[in-house]
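A.B. asks: requesting a structural model of the entry that follows:
(one chain, ligands or ions: 1)
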Amino acid sequence: MNELLNYQKSIPIRYTVDVFVAGGGPAGLAAAVAAARQGKRVYLAEAGGSFGGSGTIGLVPSFAQFTDGEHFLADGIGREVYEKLYGYPARENERGFKPFSVERLKEVYDEMATAAGVQFTFFTRLVDVIAVDGKVEAVILTSKSGLFAVKASVYIDCTGDADLVEWAGGETVYGDEEGVAMPATLCSLWANIDYSRIDQHATSRLVEAFRDGVFTKEDRHIPGIQWTDPKKGIGGGNIGHVYEVDARDERSLTDAMLEGRRTVREFQRYYSEYLHGYEDMHLCYTADLLGIRESRRIVGDYVLTGADFIVRASFNDEIGRYAYPVDIHAMKPDNASFAAFEKEYHTLRYGVGESYGIPYRALIPRGLTNVLTAGRCVSTDRQMQASIRVMPGCFITGQAAGVAAALAVEQSGEVRAVATVALQGKLRELGAYLP
Ligand SMILES: Cc1cc2nc3c(=O)[nH]c(=O)nc-3n(C[C@H](O)[C@H](O)[C@H](O)COP(=O)(O)OP(=O)(O)OC[C@H]3O[C@@H](n4cnc5c(N)ncnc54)[C@H](O)[C@@H]3O)c2cc1C
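C.D. replies: Model prediction:
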């Protein structure tokens, strides 16, 4: 137990707004833009130096499916991002991963937030929350200029780690029964790949490489290097796992960054010495943000579960539907864990046109009155988190949280006073898929 220090200070209230958003990943960007477009004063604080979270600062190289193969599920803000990013109309029948240029994605997000009139600062981190009887009164932020406070009517937690909910006294859970979350990945950016010569699956010579001592752990799961710009030989690496990282602890995150960088170098040796087309590959960069797949999840008014996934659940207070498979990466680098992952990933997946509903209640943290969440920390069990966590899912929950927050502002910030019909009506106007 550390020695304690009492610390008291008067700090400026730098923003008084309708809606405060913590975190500018895909969920936070969508929430802030959606609320601002409803005419609300919005301030967003992002700890990093750009919007996009794991997808930009974390170098995650591709979008998961936006559609169920028939319907564009991430419609509204998701469609807008897609069309601005790729420069052609969204395709309803596309269910695969879609690689992207990280710099173009940053540009798209910057333009959307600025045009919507969102006030935002980068390098600004939420560090504390003042809440009384479940109502958040103010949040405390730190930035280069020092500590300051923000007051809002509604607060949206898009930190991915549920920092705001946790520090407001809301209920959260972390990882599996033993409190272990799925492994993280330090993503990477590569050049000089000869895509014309790639003719093997990335895992095809892994066992040989294990035998040759290339790797310090026997990780059988390689999501892969995505072809982000094949003509220029550029690829985005989602390769290597770091196990048992605690996303709530900077010491664990620091160790994981070191291990992540070591792991990337091991994969560089594997790809360049064992696989065709990668012989001259060049490592340009490893991300400054560790790729955290799973962290705290809020416990909300409804907990969306794997059982809901299986029955393709529908809800009266649905704010959208989504369809990505249950993708809990192997928890250990061994054969048995990999086999369990493969079985679930290939079983818990949908056919064309199938999806599950996301109830508004899954965005509302139990015990808090003026707080919403969006993104990978919404109220789910682990199986459902492993589906809804991907970026198009975050656009769906982010957009809904932003619109709901704008409506809640008219109800003194009470997120439970938002009428479902009004919320769904506004979301439909934005194009949301609500059959
Ligand atoms: C390795 C890896 C591979 C993945 N592959 C894919 C894929 O192929 N396709 C796909 O669609 N999805 C993929 N995902 C999932 C997806 O990238 C994330 O789940 C998604 O980005 C989550 O969005 P979010 O907005 O909830 O959180 P994040 O993207 O994590 O963004 C959270 C933001 O909040 C900021 N923040 C955190 N705490 C604070 C604080 N206290 N104060 C202020 N700011 C804060 C962070 O800096 C960050 O920018 C992958 C994830 C990982 C880790």
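
A.B. asks: beta partners for residue 67?
C.D. replies: residue 72 (DSSP bridges).

A.B. asks: any idea how many residues pack against it?
C.D. replies: When counting by other Cβ atoms under 10 Å, one arrives at 25 neighbours for residue 67. All C-beta spots, glycine's among them, are computed from the backbone N, C-alpha and C.

A.B. asks: check contacts around it.
C.D. replies: By Cβ atoms under 8 Å, 6 or more residues apart in numbering, the contact set of residue 67 is 73, 74, 91, 92, 93, 94, 95, 323.

A.B. asks: ok, 6 Å please
C.D. replies: Contact partners of residue 67, counting by Cβ atoms under 6 Å, 6 or more residues apart in numbering, are 73, 92, 94.

A.B. asks: so which of these are also by the ligand?
C.D. replies: With the criterion set as Cβ under 6 Å from any ligand atom, no member of these is near the ligand.

A.B. asks: just the buried ones among the residues you listed, please.
C.D. replies: When the contacts of residue 67 are checked for burial by 16 or more other Cβ atoms under 10 Å, the buried set is residue 73.

A.B. asks: tell me the bridge partners for the residue in the stretch 201-350 of the chain that the ligand sits nearest to.
C.D. replies: Proximity of the stretch 201-350 of the chain to the ligand (Cβ to the nearest ligand atom) peaks at residue 291, 2.9 Å away. In this structure, residue 291 bridges to residue 185 when assessed by DSSP bridges.

A.B. asks: from residue 55, how far out is it?
C.D. replies: Distance, residue 291 to residue 55, by Cβ to Cβ, to the nearest Å: 10 Å.

A.B. asks: more neighbours, these two?
C.D. replies: residue 55 (27 against 24).

A.B. asks: list the contacts of that one.
C.D. replies: Applying Cβ under 6 Å, 6+ apart, one finds that residue 55 lies in contact with residue 391.

A.B. asks: next one: residue 390
C.D. replies: Residue 390 makes contact with 64, 324, according to Cβ under 6 Å, 6+ apart.

A.B. asks: need phi/psi at it.
C.D. replies: phi -70, psi 160 (degrees, to the nearest 10).

A.B. asks: what separation do you get for it and residue 327?
C.D. replies: 8 Å.

A.B. asks: how distant is the helix or strand residue 309 falls within from the center of its chain?
C.D. replies: Here residue 309 sits within helix 306-311, counting by DSSP states H and E. Mean-position distance between helix 306-311 and its chain equals 21 Å (Cα atoms, centre = their mean, to the nearest Å).

A.B. asks: what's the following helix or strand after that helix?
C.D. replies: strand 318-322.

A.B. asks: for that following strand, packing partners?
C.D. replies: Here strand 318-322 touches strand 356-359, helix 391-409, going by 3 or more Cβ pairs under 6 Å, 6 or more residues apart in numbering; DSSP states H and E.

A.B. asks: which among those is found nearest to the ligand?
C.D. replies: helix 391-409 (3.4 Å).

A.B. asks: okay, now the residue of the stretch 51-200 of the chain found nearest the ligand: neighbour count?
C.D. replies: Distance from the ligand to each residue of the stretch 51-200 of the chain (Cβ to the nearest ligand atom) is smallest for residue 53, at 2.3 Å. The number of residues packed near residue 53 is 30, by other Cβ under 10 Å.

A.B. asks: and it, how far from residue 28?
C.D. replies: From residue 53 to residue 28 the distance is 7 Å (Cβ to Cβ).

A.B. asks: re earlier: got the contacts of residue 67 as CSV, with pLDDT columns?
C.D. replies: Listed next are the contacts of residue 67 as CSV, based on pLDDT from 0 to 100:
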residue, pLDDT
73, 98
92, 95
94, 96
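
A.B. asks: a markdown table for the contacts of residue 67, including distance to residue 49?
C.D. replies: Below are those laid out as a markdown table (distance: Cβ to Cβ, whole Å):
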| residue | distance to residue 49 |
| --- | --- |
| 73 | 30 |
| 92 | 35 |
| 94 | 31 |
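
A.B. asks: nearest to residue 428, of the contacts of residue 67?
C.D. replies: residue 73 (13.8 Å; Cβ to Cβ).

A.B. asks: that closest one and residue 431 touch, don't they?
C.D. replies: No - if you go by Cβ atoms under 6 Å, residue 73 and residue 431 don't touch, sitting 10.9 Å apart.

A.B. asks: and the pLDDT at the residue of the stretch 201-350 of the chain closest to the ligand?
C.D. replies: Each residue has a pLDDT score; the one for residue 291 is 98.

A.B. asks: for residue 1, same thing?
C.D. replies: 76.

A.B. asks: got a list of what it touches?
C.D. replies: Counting by Cβ under 6 Å, 6+ apart, residue 1 has no contacts.

A.B. asks: where does the spatially closest residue to residue 301 that is not a sequence neighbour land in three-state SS?
C.D. replies: Nearest residue to residue 301 in three dimensions, chain neighbours excluded: residue 361, at 3.8 Å (Cβ to Cβ, 6 or more residues apart in numbering). With DSSP: H, G, I helix; E, B strand; the rest coil as the basis, residue 361 sits in helix.
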